[in-house]
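**Student:** Pasting a predicted model and its sequence here:
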Amino acid sequence: MAKAGDPLIRIKYLRFSYGRNVVLKGIDLEVPRGKIVAILGASGCGKSTLLRLIGGQLKPRGGFVEVEGLVVRDMDNDELYRMRRKMGMMFQKSGLFTDLSTFENIAFPMRERTNLPESIIRDLVMMKLHAVGLRGAHKLMPNELSGGMQRRVALARAIALDPMLVMYDEPFAGLDPISLNVIANLIRRLNDALGVTSIVVTYDVVESLKVADYIYFISDGVVAARGTVEEVKTSQDPFVRQFVDCLPDGPVAFHYPARPVAADLQLSAP
């Protein structure tokens, strides 16, 4: 019997590229059951690609992703579908159905994946919305919600079927400080209350340190650093310090590689 702390996901020497653009060069990491794992890195480092590989939307060029002891790349369509039924996803831009109300957005996966009667679905939807503080907004359409409220509805939909794993793709991006803090607290509280496992993909170090149990930093296609929250806070690794201290330059360069600036400017003597 699997127990809390055992790996739910194991990733070994995972490699992937889009054509000639090599994104992942050999990722090794584990996600323990019941924990929140944050995956941090600069934009374009392959964080969202990693989520697609976990969900089986993409196939690796090398290495493997293992979920509950099964290698994802070896699954057929039926096996992939069964695995995905156990997963919830909060998309980067919420991904709500614009023509459905808040209530109908949450009810959609319940109707799609279960044979529950409408009376039970209604109670479940209202419970999920209550958990994110939006039970009173169940009749509103997505365009009537603020950005932070849309994220909370997306979170309620991600946990609609009590999944074993919830994946969050940039859940803090573009939020005001109040909404950001609300979302961060909800991720932590719901993870603990439901006993699920969570993966948070983000570039926001400050919020990650508030909610995560373990953190991986990705750079140049590999895991550049890893550790618990306390280990990250006290790390002297230049890469980690650049992220934690929000430094503009360091191992992750501010300037994209280029020839000397004088070569691109029309410089002439006065």
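**Tutor:** That came in fine, so what should we check first?
**Student:** Val196 contacts Met164, correct?
**Tutor:** Yes. Taking C-beta atoms under 8 Å as the definition, Val196 is a contact partner of Met164 at 6.3 Å. Bear in mind the C-beta positions are built from the backbone N, C-alpha and C, glycine included.
**Student:** can you pull the buried residues of stretch 176-190?
**Tutor:** Ser179, Leu180, Val182, Ile183, Ala184, Leu186, Ile187, Arg188, Leu190 (16 or more other C-beta atoms under 10 Å).
**Student:** contacting residues for the last one?
**Tutor:** Okay, so that is Leu190. Neighbour list for Leu190: Ala131, Leu155, Ile159, Val196 [criterion: C-beta atoms under 8 Å, 6 or more residues apart in numbering].
**Student:** what residue ranges in the stretch 1-150 of the chain score low on pLDDT?
**Tutor:** For the stretch 1-150 of the chain, the stretches with pLDDT under 70 are 1-5.
**Student:** Would you state the strands of it in chain order?
**Tutor:** Ranges of strands within the stretch 1-150 of the chain are 7-18, 21-32, 36-40, 62-67, 70-71, 87-90, based on DSSP state E, counting those that start in this stretch.
**Student:** Specify the angle between the third one and strand 21-32 in degrees.
**Tutor:** Okay, so that is strand 36-40. Between strand 36-40 and strand 21-32, the angle comes out at 160 degrees (axes from the mean of the first three to the mean of the last three C-alpha atoms, to 10 degrees).
**Student:** what do you get for the fourth one?
**Tutor:** Compare the direction of strand 62-67 with that of strand 21-32 by the same axes, to 10 degrees and you get 30 degrees.
**Student:** Paired strands for strand 62-67, with orientation please.
**Tutor:** Partners of strand 62-67 in the sheet, by DSSP bridges, are strand 7-18 (antiparallel), strand 70-71 (antiparallel).
**Student:** residue ranges for the helices of the stretch 151-270 of the chain, please.
**Tutor:** Applying DSSP state H, counting those that start in this stretch to the stretch 151-270 of the chain gives helices spanning 177-194, 205-211, 229-234, 238-244, 261-264.
**Student:** Met87 is nearest to which of those helices?
**Tutor:** Nearest to Met87, of all those, is helix 177-194, at 13.4 Å by C-beta to C-beta.
**Student:** most neighbours per residue, which of the strands paired with strand 62-67?
**Tutor:** Sort the strands paired with strand 62-67 by mean neighbour count, taking mean count of other C-beta atoms under 10 Å, and strand 7-18 sits at the top with a mean of 18.
**Student:** Run the chain-centre distance for that strand.
**Tutor:** Mean-position distance between strand 7-18 and its chain equals 15 Å (C-alpha atoms, centre = their mean, to the nearest Å).
**Student:** More neighbours: Val196 and Met164, which one.
**Tutor:** The neighbour count for Val196 versus Met164, taken as other C-beta atoms under 10 Å, is higher for Val196 (23 against 18).
**Student:** From the structure, what's the count of residues near the spatially closest residue to Val132 that is not a sequence neighbour?
**Tutor:** If you skip the residues right next to it in sequence, Val132 has Arg152 as its closest partner in space, 4.2 Å away by C-beta to C-beta, 6 or more residues apart in numbering. Arg152 has 25 neighbours, counted by other C-beta under 10 Å.
**Student:** Is it correct that Arg152 is in contact with Arg135?
**Tutor:** No. Assessed by C-beta under 8 Å, Arg152 is found out of contact with Arg135, at 11.1 Å.
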